[in-house]
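A.B. asks: Take a look and give me a structure for this.
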Amino acid sequence: MSLSSEPEVLLPGRVFLRGRARVGRTWFTDENLDLLAHLLDDWFRLPGTSIRFGLVGIVGLIPGLGDVLAGLASCIIVIAAWVRGVPYVGLVRMVVNLAIDVLIGAIPFIGDAFDIAWKANRRNYALMVRHLRQPRVHTWKDYAFLVCIAAVLIAIFAIPVIVIAWLVNRLLQPV
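C.D. replies: A predicted model of the protein is given here:
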């Protein structure tokens, strides 16, 4: 059994899936993953408002551990996308969505509101469906998103180096 996610065409008009795509189609159906995203992100509604939240918003209220547990539950959609054959560009976007959700969600109160608004699982489910329906079609938004994330990561790592270099320079200057 090959681990390739590409379909294998054996007869005209009939596509036989092989490898991880075949396993993913049976284990991780669209209906199950949509239900999971719905449960995690917008299962409940605040009475009298249009604000919806899911288990991620509730579990995220537990300091420290809540966002980690919610992130682990959210990994199911990313793993399902990989198993079903989503291209790596889509998987990276999904992982970044999840990382943003977990990292900002860890901030007390502000992070919980962010979790409710960001809805990483809904975003990831939509990305998975788009990439599965149109394989190998990556929009400029996919690449722009990844370039922006790379720029932010470079800035995050460069700022401490610049600050330390500035401090060392200030300390070594004669008075």
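
A.B. asks: so where do the strands sit in this protein?
C.D. replies: Ranges of strands in the chain, per DSSP state E, are 8-11, 14-16, 44-45, 52-53.

A.B. asks: Distance check, A165 against I159.
C.D. replies: 11 Å (CB to CB, to the nearest Å). For the C-beta atoms, the positions are set from N, CA and C on the backbone; glycine is no exception.

A.B. asks: With G48 instead?
C.D. replies: Counting by CB to CB, the gap from G48 to I159 is 43 Å.

A.B. asks: Neighbour count for the two, which is higher?
C.D. replies: I159 (10 against 6; other CB atoms under 10 Å).

A.B. asks: ok, the more buried one to L69 distance?
C.D. replies: I159 is 30 Å from L69, by CB to CB.

A.B. asks: Hmm, I76 is touching L36, no?
C.D. replies: Yes - using CB atoms under 8 Å, I76 is in contact with L36, at 6.3 Å.

A.B. asks: Compare those two (neighbour count), which wins?
C.D. replies: With neighbours defined as other CB under 10 Å, I76 and L36 compare such that L36 has more, 20 against 17.
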